[in-house]
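K.L.:
Provided below are the primary sequence and the corresponding predicted coordinates.
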Amino acid sequence: MSPRPPRRNGGPDSYETDAEISAGSARRDGQREALVQAALQEITQNYREASLSNVARTYGVSLAYVSECVRTQTGKTYKELLQKHRMETAARLLRRSDLNIQQIITQVGYENTSYFYRL
């Protein structure tokens, strides 16, 4: 087995074994999965004020990294997933509540009525 290239933080004689590489990959995959689950949970539990920045801050990673993880795992952007959830919630409220459209728009997290109508 040939030695691996030096680790970034290691000294000149620091090499990663196949087991170390696999363990690192599994940790990264686990972190990505946890980030995506946290992003989806943010949408379902806090859709009115949901923010991917909250997830990034909680996990101590960049917004771009969380965004890429969500897009890679779901095939959709965070914004698309959030809009879909908000629209499904609005449709359910229109069918099952006595709220008027303006109240529903506000309740699902949109501040701009004309933006809601364009969706």
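P.N.:
On my side now, so go ahead.
K.L.:
so where does Gln37 fall, helix or strand?
P.N.:
Element membership for Gln37, per DSSP states H and E: helix 18-46.
K.L.:
what about that helix, average pLDDT?
P.N.:
Summarised as a single mean, pLDDT over helix 18-46 is 76.
K.L.:
which residues does the most centrally placed residue in the chain contact?
P.N.:
Residue closest to the mean C-alpha point of the chain, counted by C-alpha atoms, centre = their mean, is Ala39 at 3.4 Å. Listed by C-beta atoms under 8 Å, 6 or more residues apart in numbering, the contact set of Ala39 reads 52, 55, 66, 69-70, 78, 81. Just so you know, the C-beta spots here come from the backbone N, C-alpha and C atoms, and that holds for glycine as well.
K.L.:
which ones among the residues you listed are found in helices?
P.N.:
Among those, the residues falling in helices (DSSP state H) are 52, 55, 66, 69-70, 78, 81.
K.L.:
pLDDT and distance to Asn46 for those - can I get that in CSV?
P.N.:
As requested, the ones in helices among the contacts of Ala39 are exported to CSV (pLDDT from 0 to 100; distance: C-beta to C-beta, whole Å):
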residue, pLDDT, distance to Asn46
Leu52, 93, 11
Val55, 92, 10
Val66, 95, 15
Cys69, 96, 18
Val70, 96, 15
Tyr78, 95, 13
Leu81, 96, 13
